[in-house]
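> Need a 3D model of the sequence below.
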Amino acid sequence: MTQDWPPSEIQLDPDKRVLFLTKDLDLIRQQLNHGLDLRMQDLSVDDLIDDINTDVMTPAWVCFRHRPEDIALDAYAGLLDADGRRVFATRALMDGKFEAIVSGFRKGTGSSRETAAQCERWSGVRYVFAASFAPIHERNNLNLGQLMGDHAMLTRLQAGEALALTEFSDRYDAVTRLILENGGLFPFSKRVADGSIQLPANASGARPMTMAEKMIAAKMLNPGAEGAYVAPGDAVLAHVDGGYSHEFTTAQVHSFLSEQFGADYQVHNPDKLAVFEDHLLYADEVARFAPFVEQIQKLRDLQKEFQRHTGVRDYSARDGVSPGICHQVAREEFVDPGDFIQATDSHTCMGGGSNALTYGVGATEYAALIHSGFTFVKVPETIRFELHGELAAGCTAKDVMLHVLDTFAKREDTLNRSMEFGGPGLAGMSLDERATLCNMATECTARTGICEGDERLVEWLLERRPGRSAEQIRASLVAPDAGAEYVGGVHAVDLGAIVPMVATPGDPTYGATIAEMEAVVIDIAYGGSCTAGKIDDFAYYAEVCRAALAAGRSVADGVTFYIQYGSEAVQRHAQAQGWSELFERVGVVLIPPGCGACIGCGPGVSETPDQVTVSAINRNFAGRSGPGQLYLASPLTVAASAFAGSIVAYREGMFSAVEAVG
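Numbers count the residues shown, from 1 in each chain. Have a look, this model is predicted:
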């Protein structure tokens with residue numbers, strides 16, 4: 001960032017260009033390759049591409065890079081024509097002298113990857129115009145100091161008019177305006193730290209608060225006159241207790257901090273920060289990643305360099321074996337009730353099962369917050385789920401979330417909200433099942449998920465926090481206030497009415513009850529991931545495998561059943577219980593701890609479009625776990641289907657000798 005960015009008055013540079021992302025891809029090629037210049041006055045919003053997703057802007061293989069100039073090289077590499085050819089050649093955006101880029105509605109949908117915003121920024125683009133922006137992508141642009149506007153603003157600029165900077169910033173809250181008008185998150189954080197920016201006091205007065213609101217208020221840097229109170233929509237800065245990154249993101253964090261604060265930069269509270277080697281553990285064995293092996297190793301090396309420099313917790317792989325998936329290990333070892341935890345992964349919200357405020361952020365935001373110790377927070381609205389009754393046999397927390405996705409998320413009731421879980425039904429759920437509820441808040445496009453704390457949580461933590469007393473843990477629990485406002489409503493969920501479900505291929509939001517489905521023959525069954533690699537999930541796998549073994553059954557012909565441990569602690573428990581031996585006896589392929597099939601990077605990934613997978617992971621977007629058709633289901637359903645050869649719900653006695661398969 002330069003000290004003169006952004007200017008107080010915005011005018012287009014006559015020596016630079018504006019790129020229009022048109023539905024007519026030939027027009028894009030003419031702009032890139034033949035110098036065609038278009039004007040907004042001659043186009044309509046219907047001419048522009050809608051729903052440009054972050055995978056189009058930076059496909060996964062681009063994310064193996066960490067240097068800004070390398071990310072920019074292949075900007076928009078995922079935009080393909082009908083013949084599968086790239087519209088943007090290497091360096092096309094960089095070499096086009098574009099200062100502005102224009103698209104239709106919902107710019108930046110899909111994954112939260114920050115590289116999508118970076119590929120434009122580091123190609124020289126500083127103005128982004130669209131009919132609307134996806135919320136996370138918009139935040140990533142703000143953090144980079146990118147100016148975002150609508151088509152009418154561009155029309156005025158192309159007509160030669162100058163626009164005040166405030167036209168780009170006035171629609172935001174006071175703190176976001178300061179971030180944007182100071183050139184992005186890094187220069188803003190520096191100026192807050194040195195006292196040159198005075199934060200406005202938060203305006204909200206005394207009021208009853210939800211759990212998310214109470215946790216934010218407790219960490220707030222700029223409380224109002226009546227004390228630490230927040231309300232939905234408030235923009236505040238808040239202290240962060242801890243966080244973590246993994247080898248997909250740490251290299252960028254290290255590079256950003258070195259560039260912004262010098263080679264001797266420091267981080268706050270390193271004992272509560274961590275690095276994990278889990279996402280790319282099996283990448284060297286994946287054939288399609290062969291061209292990127294050196295880049296992947298560079299990411300690993302830079303993560304080690306970052307860890308040595310900062311002294312944060314080290315969860316690197318040893319002899320090729322990872323300590324486990326970051327979200328699972330973090331909740332086992334250092335996420336505590338009342339904590340505010342940020343990490344560079346969208347499933348960070350899994351920590352909410354431990355009565356903490358946890359959610360994912362981009363590498364820029366994470367780098368800034370671990371250096372400064374604080375971060376920007378836009379207080380989310382809250383939607384509450386009151387759980388009642390008990391789950392029926394054959395159902396798990398995964399089925400609850402598939403129901404919530406198909407009901408509430410489909411209507412966007414959960415969009416960008418904190419999902420609060422409580423009620424007598426929650427008290428009957430284990431801590432692992434609560435973690436499943438919060439983990440899949442991400443699939444609901446929620447900001448986070450938080451479960452109420454109770455004695456079950458106290459007992460669970462006592463086993464995992466040496467030196468902590470029950471009284472200390474109880475004192476850290478955060479409960480909602482009586483009379484708290486739930487903008488998203490309070491919704492009763494009868495656990496006894498939940499039935500086994502799947503999410504149908506392509507999107508976790510769209511579900512179906514198994515009882516109503518026609519038979520779906522499968523090729524792969526996969527149990528694992530942060531969502532389904534916990535101890536209780538393994539107990540479910542073991543329950544089904546034990547029943548199959550008793551009936552003389554093994555994994556169905558033509559089916560490969562993979563189970564992957566979520567952490568070393570889970571693996572040790574499974575071995576101590578005899579489950580690992582049980583799994584091998586019935587034909588399961590066991591995988592050491594780590595990520596894998598969930599991100600298309602390890603055993604369990606489909607290889608051809610005609611393969612069908614039933615999986616306990618949390619996302620089934622097209623191509624996410626190979627080219628085949630992927631159904632999401634509970635651990636019980638996945639295991640039962642592996643033995644049946646088709647998608648079935650588990651029920652006691654289903655493997656009796658007289659029952660037909662399928």
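> contacting residues around the residue nearest to residue 464 when sequence neighbours are not counted?
Once flanking residues are discounted, residue 464 sits nearest to residue 332: 5.9 Å by CB to CB, 6 or more residues apart in numbering. For every residue, glycine as well, the C-beta is placed using N, CA and C. Contacts for residue 332 (CB atoms under 8 Å, 6 or more residues apart in numbering) come out as 324, 464, 567, 569.
> Would you mark the buried spots in stretch 428-444?
Going by neighbour count (16 or more other CB atoms under 10 Å), the buried part of stretch 428-444 is 429-444.
> now swap in stretch 19-34 and tell me
19, 20, 21, 22, 25, 27, 28, 29, 31, 32.
> Make CSV out of those and add secondary structure.
Below are the buried residues of stretch 19-34 laid out as CSV (DSSP: H, G, I helix; E, B strand; the rest coil):
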residue, secondary structure
19, strand
20, strand
21, coil
22, strand
25, helix
27, helix
28, helix
29, helix
31, helix
32, helix
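> re earlier: drop anything exposed from the contacts of residue 332.
324, 567, 569.
> Of these, which belong to helices?
residue 569 (DSSP state H).
> Now distance to residue 356 too, for the buried ones among the contacts of residue 332, in TSV please.
Converted to TSV, those look like this (distance: CB to CB, whole Å):
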residue	distance to residue 356
324	18
567	18
569	19
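> and which of the buried residues of stretch 19-34 is nearest to residue 519?
residue 25 (40.6 Å; CB to CB).
> in terms of contact, does the closest one touch residue 83 like I think?
No: with contact defined as CB atoms under 8 Å, residue 25 does not reach residue 83; the gap is 10.5 Å.
> right, and the helix or strand after the longest helix anywhere in the chain?
Determined from DSSP H, the single longest helix within the chain is helix 293-310. Reading on from helix 293-310 to the C-terminus, the next helix or strand found by DSSP states H and E is strand 313-315.
> what's that following strand in contact with?
Here strand 313-315 makes contact (CB under 8 Å, 6+ apart) with 244, 270-271, 273-278, 307, 322-324, 326, 329, 333-334.
> Can you tell me the strand partners of that strand and which way each runs?
Applying DSSP bridges, strand 313-315 is found paired with strand 273-276 (parallel).
> hmm, who's touching the lengthiest strand in the chain?
When the chain is parsed with DSSP state E, its longest strand is strand 382-388. Here strand 382-388 makes contact (CB under 8 Å, 6+ apart) with 210-213, 232, 400, 404, 408, 413-414, 417-426, 429, 446, 480, 484-495.
> Now do the same contact list for the nearest residue to residue 577 once chain neighbours are set aside.
Nearest residue to residue 577 in three dimensions, chain neighbours excluded: residue 542, at 7.1 Å (CB to CB, 6+ apart). By CB under 8 Å, 6+ apart, the contact list for residue 542 reads 574, 577, 579, 582, 583.
> Which members of these are classed as buried?
Among these, the ones that count as buried by 16+ other CB under 10 Å are 574, 579, 582, 583.
> Quick check: the farthest pair among those residues?
Going by CB to CB, the pair spanning the buried ones among the contacts of residue 542 furthest: 574 and 582, at 9.0 Å.
> about what we covered before: which one among the contacts of residue 332 gets closest to residue 104?
For these, the nearest to residue 104 is residue 324 (41.6 Å; CB to CB).
> hmm, back to that, tabulate the buried residues of stretch 19-34 in JSON lines, adding columns for pLDDT and distance to residue 528.
Output for these, formatted as JSON lines (pLDDT from 0 to 100; distance: CB to CB, whole Å):
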{"residue": "19", "pLDDT": "98", "distance to residue 528": "42"}
{"residue": "20", "pLDDT": "98", "distance to residue 528": "44"}
{"residue": "21", "pLDDT": "98", "distance to residue 528": "38"}
{"residue": "22", "pLDDT": "98", "distance to residue 528": "42"}
{"residue": "25", "pLDDT": "98", "distance to residue 528": "39"}
{"residue": "27", "pLDDT": "98", "distance to residue 528": "45"}
{"residue": "28", "pLDDT": "98", "distance to residue 528": "40"}
{"residue": "29", "pLDDT": "98", "distance to residue 528": "43"}
{"residue": "31", "pLDDT": "98", "distance to residue 528": "45"}
{"residue": "32", "pLDDT": "98", "distance to residue 528": "42"}
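> now for these, which pair is the farthest apart?
Among the buried residues of stretch 19-34, 19 and 25 lie farthest apart (CB to CB), at 12.9 Å.
> Among the buried residues of stretch 19-34, which one sits closest to residue 49?
Compare each of the buried residues of stretch 19-34 with residue 49 using CB to CB and the shortest gap goes to residue 21, at 4.8 Å.
> would you list the buried residues of stretch 19-34 in a markdown table and tack on distance to residue 264?
Output for these, formatted as a markdown table (distance: CB to CB, whole Å):
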| residue | distance to residue 264 |
| --- | --- |
| 19 | 40 |
| 20 | 45 |
| 21 | 42 |
| 22 | 48 |
| 25 | 48 |
| 27 | 49 |
| 28 | 45 |
| 29 | 47 |
| 31 | 44 |
| 32 | 42 |
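> so where do the strands sit in the stretch 201-350 of the chain?
Using DSSP state E, counting those that start in this stretch, the strands of the stretch 201-350 of the chain run over residues 235-239, 242-246, 273-276, 313-315, 340-343.
> swap in the stretch 451-600 of the chain?
Using DSSP E, counting those that start in this stretch, strands in the stretch 451-600 of the chain cover 490-494, 501-503, 511-513, 524-527, 560-564, 589-591.
> Most tightly packed of those strands?
Each of the strands of the stretch 451-600 of the chain was scored by mean neighbour count; the highest is strand 524-527, a mean of 30, by mean count of other CB atoms under 10 Å.
> What strands line up against it, and which way round?
Strand 524-527 has the following strand partners under DSSP bridges: strand 560-564 (parallel), strand 612-615 (parallel).
> Tabulate these (TSV), appending mean pLDDT and distance to residue 632.
TSV is the format used below for these (pLDDT from 0 to 100; distance: least, CB to CB, whole Å):
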stretch	mean pLDDT	distance to residue 632
strand 560-564	97	15
strand 612-615	97	6
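> element containing the closest residue to residue 441 other than its chain neighbours, please.
Leaving out its chain neighbours, the residue that sits closest to residue 441 by CB to CB, 6+ apart is residue 449, at 3.3 Å. Using DSSP H and E, residue 449 sits in strand 448-451.
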